[in-house]
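Trainee: Whatever this is, show me its structure:
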Amino acid sequence: MKFYIEKIYLWFSREDQTCLTFENNKVNVVRGNSSRGKSNLFAIIDYCLMSDKPNIVEPIINECTEYYGIEFNLNEVHYSISRKKPKDGIGEDKVYMVEEAFPQDYYPNTTNKQVSDARKDIDRLFGLSTESYLYPWGKENNEPLLVVSFRSFLMFNALTENIISSQYEFLNYKFFEDIYIDEKSKRDYLMDVLLGIDSVFEKQQQQILDNLDTEIRSTKVRNTKYKKAKISYMAYLNAAIDIAVNASLIERTTFMNQPEEDKISFLQALVELYEPNVTQNIKVAGDDISELRKKLSLKYLQLNNILRARKEYDAYCNEIVQIGDSIKPVEYLKSHLEEYGITIWSKKILDEFQTSLSTLREKYKPVQEIQFVSSKQIENLNKEIKELEDQLQQLSKIKIKPIEESIVYLAVGQLKSMIPHLKELLESYQSSTIKDYDYAGDSEKRTKAEETLAKIQLRRSTIVSTGLNAAIQSIFDQFTQLENFQGCKTRYERKHERLELSDGKSILNYNNIGSQSNYMFLHLCFFLGLHKFLFENPNNHIGSFLFIDQPSIPYYEASDDAKSTDKVKLKDAFSVINNFIKNVIEENHDFQIILIEHADESYWTGVNQLEYFVTKADFDGDKALVPYIVIEKKRNETKK
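Mentor: Presented below is the predicted three-dimensional model:
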């Protein structure tokens with residue numbers, strides 16, 4: 001799609017700004033010494049094109065800049081975007097975007113769109129408006145597996161400084177820090193889009209094959225599970241039948257004649273028929289034992305009280321007898337007093353003794369035996385206690401009353417414990433019912449999907465070999481300074497996402513082609529060849545634009561002896577780039593290249609004049625993307 005940058009802005013304040021202008025169908029060169037901010041131009045373009053992960057250098061450039069902006073042309077419509085500088089590595093979430101050029105005295109002090117909305121607007125301009133384009137792999141848990149936007153294709157527009165001479169990396173997808181291009185499968189999809197390959201349909205066909213494979217495996221697993229479940233169920237059921245038959249609970253033929261679905265119910269009925277209701281007996285016995293123990297404790301208490309009362313009564317009676325015996329000597333002395341000689345005092349003493357003892361005898365006169373302490377009562381209590389003890393002992397033997405046939409009882413217990421597991425085995429067996437797989441239908445679907453896949457893969461191979469590789473080869477053949485590799489064939493290696501060389505006679509590629517200079521040439525071949533292919537196979541999702549950052553990198557540290565050779569190689573690279581634009585114009589296409597260079601302007605001017613090269617900024621001496629006067633102002637403001 002026709003796309004080119006017209007202007008890049010850096011606003012440092014209302015009074016100070018840098019504005020670089022560019023032309024379509026030209027190689028727009030921004031040159032100068034190192035550390036002048038040249039390489040940040042693509043980071044600024046990327047930021048103004050709604051990047052969420054700014055790559056603008058913080059010291060000097062972002063420190064001094066307040067706003068960034070670009071003006072670009074997309075399909076003959078002029079657009080302008082300004083965005084406040086990122087802070088702490090986070091981009092501003094609002095932008096100002098209009099379909100016209102900025103006024104001459106414009107300074108960004110307003111916004112009119114969220115970054116997300118502006119991105120969607122540009123997506124629509126690049127033909128990415130429906131879900132089939134935006135989310136080609138669908139969604140999982142309402143989250144898209146792949147999100148495609150115009151930004152997804154920017155890696156094909158940027159040959160950046162850190163990969164231009166790399167042996168292994170041809171796409172600087174890491175620059176964008178986008179989770180939707182960080183996996184090779186996603187980049188393969190994007191490359192297929194550029195090649196015109198319907199990889200979504202290809203993915204659908206592969207999914208059909210995967211689903212068929214899954215269904216076959218699932219059927220085999222399900223059938224194996226069914227067979228194992230059936231074997232386990234039948235083995236366990238037969239064991240239960242053997243127990244019932246051996247205990248004479250039922251005849252084997254009677255059981256086997258039962259319907260399959262009723263056999264467990266039949267076993268359950270046998271258990272209920274032969275199982276004694278010991279639970280209820282135990283419960284009743286337990287209640288009776290508790291009541292008997294209460295009665296027995298009461299009788300024990302009564303007996304102890306009676307025995308204690310009886311003991312106290314016997315002691316009382318014994319004391320009465322002793323008192324009566326103690327009076328007898330006094331009565332004897334009084335009756336024989338004359339025999340021993342009587343005096344007035346002896347008689348008085350004896351009278352006093354007799355009176356006192358008589359009083360005691362009257363006081364402790366034996367009473368009639370009390371009924372509750374009688375021997376009869378004690379005998380009755382002992383009899384009641386004995387009866388209660390006998391009942392308690394009898395009830396204690398009821399815990400589990402054996403049935404007459406112990407083998408039947410044992411069998412019933414075994415069957416009762418087996419029935420729950422039998423039910424589980426039956427459920428597992430029934431839930432994994434065997435399924436006949438439709439192998440004929442599988443073969444038909446598989447053949448159709450495989451044929452479709454083969455066609456897509458053949459088309460991809462054909463497009464790459466006769467289309468993309470041919471376009472790349474046409475660029476490669478223009479180089480004259482590829483030492484030792486003249487006449488080689490280029491081949492885009494999809495597996496490693498890079499361009500490789502072979503001698504043209506073998507299918508084997510060269511693993512290493514030596515110097516960084518050679519790899520710089522290969523990178524130019526790949527990017528220029530890819531965009532040449534896109535002229536012949538137009539694609540609306542990518543702009544006709546290429547940012548090339550310093551092809552002269554391999555020659556920075558060259559020795560004096562190598563400088564003359566390096567100059568020839570660099571001029572060779574510039575010549576091929578110039579011819580690319582020339583061919584674009586001759587074939588009535590549009591394309592823009594922004595070239596960042598360290599090399600001197602004499603490489604494309606004067607006697608080395610390249611007609612499509614135009615120097616747009618020269619950052620030598622005190623000149624830089626951020627002017628020194630702006631840097632000084634910022635430093636002074638910081639000091640204040």
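Trainee: Helices of the stretch 1-150 of the chain, residue ranges please.
Mentor: All helices of the stretch 1-150 of the chain, identified by DSSP state H, counting those that start in this stretch, fall at 40-48, 63-64, 115-125, 131-134.
Trainee: Give the buried residues for the third one.
Mentor: In terms of neighbour count (16 or more other CB atoms under 10 Å), helix 115-125 has its buried residues at V115, A118, R119, K120, I122, D123, L125. For every residue, glycine as well, the C-beta is placed using N, CA and C.
Trainee: ok, now how distant is the spatially most central residue of the chain from E215?
Mentor: The chain has N141 as the residue nearest its centroid, 11.7 Å off, counting by CA atoms, centre = their mean. Going from N141 to E215 by CB to CB, to the nearest Å gives 23 Å.
Trainee: likewise G529?
Mentor: 43 Å.
Trainee: Looking at those two, which has the bigger crowd around it?
Mentor: Shown here are G529 and E215; by other CB atoms under 10 Å, G529 has more neighbours (23 against 15).
Trainee: among the helices of the stretch 1-150 of the chain, which is nearest T355?
Mentor: Counting by CB to CB, T355 lies closest to helix 115-125 out of those; the figure is 130.0 Å.
Trainee: So what touches that closest one?
Mentor: Identification of contacts with helix 115-125 by CB atoms under 8 Å, 6 or more residues apart in numbering yields 49-50, 52, 74-75, 77, 81, 83, 91-95, 97, 113, 129, 134, 149-151.
Trainee: what's the answer for stretch 153-168, then?
Mentor: Contacts to stretch 153-168, defined as CB under 8 Å, 6+ apart, come from residues 39, 42, 46, 49, 169-173, 175-176, 181, 187, 190, 193-194, 496, 498, 512, 516-517, 519-520, 523-524, 527, 530, 541-543, 545-551, 553-554, 596.
Trainee: how far does it sit from the chain's center?
Mentor: With CA atoms, centre = their mean, to the nearest Å as the basis, stretch 153-168 stands 33 Å off its chain's centre.
Trainee: what distance separates the start and the end of it?
Mentor: Using CA to CA, to the nearest Å, the end-to-end distance of stretch 153-168 comes to 20 Å.
Trainee: If you count neighbours, what's buried in that stretch?
Mentor: Buried, per 16+ other CB under 10 Å, within stretch 153-168: F153, L154, M155, F156, N157, A158, L159, T160, E161, I163, I164, S165.
Trainee: Check stretch 240-259 too.
Mentor: Neighbour-count burial for stretch 240-259, counted by 16+ other CB under 10 Å, picks out A240, I241, I243, A244, V245, A247, L249, I250, F255.
Trainee: Kindly report the same for stretch 516-534.
Mentor: In terms of neighbour count (16+ other CB under 10 Å), stretch 516-534 has its buried residues at 517-534.
Trainee: What of stretch 22-41?
Mentor: So for stretch 22-41, counting by 16+ other CB under 10 Å, buried means 22, 24-32, 36-41.
Trainee: go on, stretch 39-53?
Mentor: Buried residues in stretch 39-53 (16+ other CB under 10 Å): 39-52.
Trainee: what is the mean pLDDT for that stretch?
Mentor: Across stretch 39-53, pLDDT averages out at 95.
Trainee: Give me the distance between the two termini of that stretch.
Mentor: 17 Å.
Trainee: Switch the buried residues of stretch 39-53 over to TSV; also include distance to D600.
Mentor: Output for the buried residues of stretch 39-53, formatted as TSV (distance: CB to CB, whole Å):
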residue	distance to D600
S39	18
N40	21
L41	19
F42	22
A43	25
I44	25
I45	25
D46	28
Y47	30
C48	30
L49	31
M50	36
S51	32
D52	38
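Trainee: Could you point out which of those is nearest to Q473?
Mentor: Taking CB to CB as the measure, Q473 lies nearest F42 of these, at 27.5 Å.
Trainee: Nearest residue to that closest one in space, please, no chain neighbours.
Mentor: Of all residues not flanking F42 in the chain, F547 sits nearest, at 4.7 Å (CB to CB, 6 or more residues apart in numbering).
Trainee: Next up, the contacts around that neighbour.
Mentor: Contacts of F547 (CB under 8 Å, 6+ apart): L41, F42, I45, N157, A158, L159, T160, I593, I594, I596.
Trainee: What segments of the stretch 251-400 of the chain are helices?
Mentor: Counting by DSSP H, counting those that start in this stretch, the stretch 251-400 of the chain has helices at residues 252-256, 263-274, 278-335, 337-340, 344-363, 375-395.
Trainee: among those, which gets the worst mean confidence?
Mentor: helix 337-340 (a mean of 59).
Trainee: Need the phi and psi values for I581.
Mentor: With angles defined as degrees, to the nearest 10, I581 sits at phi -60, psi -40.
Trainee: show me what contacts it?
Mentor: N25, K26, V27, F591, I593, Y612.
Trainee: ok, 10 Å please
Mentor: Going by CB atoms under 10 Å, 6 or more residues apart in numbering, I581 touches 24-27, 528, 589, 591-593, 610-613.
Trainee: Tell me the spacing between it and L468.
Mentor: Taking CB to CB, one finds I581 at 20 Å from L468.
Trainee: same check, this time on K386
Mentor: Taking CB to CB, one finds K386 at 113 Å from L468.
Trainee: do the same with Y173
Mentor: The gap separating Y173 from L468 is 18 Å, by CB to CB.
Trainee: I'd like to know how many residues surround Y313.
Mentor: When neighbours are defined as other CB under 10 Å, Y313 has 15 of them.
Trainee: Q268 now?
Mentor: With other CB under 10 Å as criterion, Q268 counts 15.
Trainee: which residue packs closest to it, ignoring adjacent ones?
Mentor: Using CB to CB, 6+ apart and skipping the chain neighbours, the partner closest in space to Q268 is I419 (5.8 Å).
Trainee: which ones are touching the one you found?
Mentor: Contacts of I419 by CB under 10 Å, 6+ apart are A240, I264, S265, L267, Q268, L270, V271.
Trainee: Between these, which sits nearest A624?
Mentor: Nearest member of the contacts of I419 to A624, counting by CB to CB, is I264, at 89.9 Å.
Trainee: was I right about that closest one contacting L237?
Mentor: Yes: with contact defined as CB atoms under 10 Å, I264 reaches L237; the gap is 7.9 Å.
Trainee: so what's in contact with those two at the same time?
Mentor: With CB under 10 Å, 6+ apart as the test, I264 and L237 both reach M418, L422, L425, L426.
Trainee: now those residues as CSV including neighbour count?
Mentor: Compiled in CSV, the shared contacts of I264 and L237 are given as follows (neighbours: other CB atoms under 10 Å):
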residue, neighbour count
M418, 19
L422, 19
L425, 21
L426, 19
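Trainee: Check the residues you listed against K227 and report the nearest one.
Mentor: Nearest to K227, judged by CB to CB, of those is L425 at 13.2 Å.
Trainee: can you give me the strands in the stretch 401-550 of the chain?
Mentor: Along the stretch 401-550 of the chain, the segments classed as strands by DSSP state E, counting those that start in this stretch run 489-493, 498-502, 545-549.
Trainee: Out of these, which gets nearest to I8?
Mentor: I8 lies closest, by CB to CB, to one member of the strands of the stretch 401-550 of the chain: strand 545-549, at 11.2 Å.
Trainee: mean confidence score for the closest one?
Mentor: Strand 545-549 comes out at a mean pLDDT of 96.
Trainee: Okay, now the sheet partners of it, with direction.
Mentor: Note on strand 545-549: by DSSP bridges, its sheet partners are strand 158-159 (parallel), strand 592-597 (parallel).
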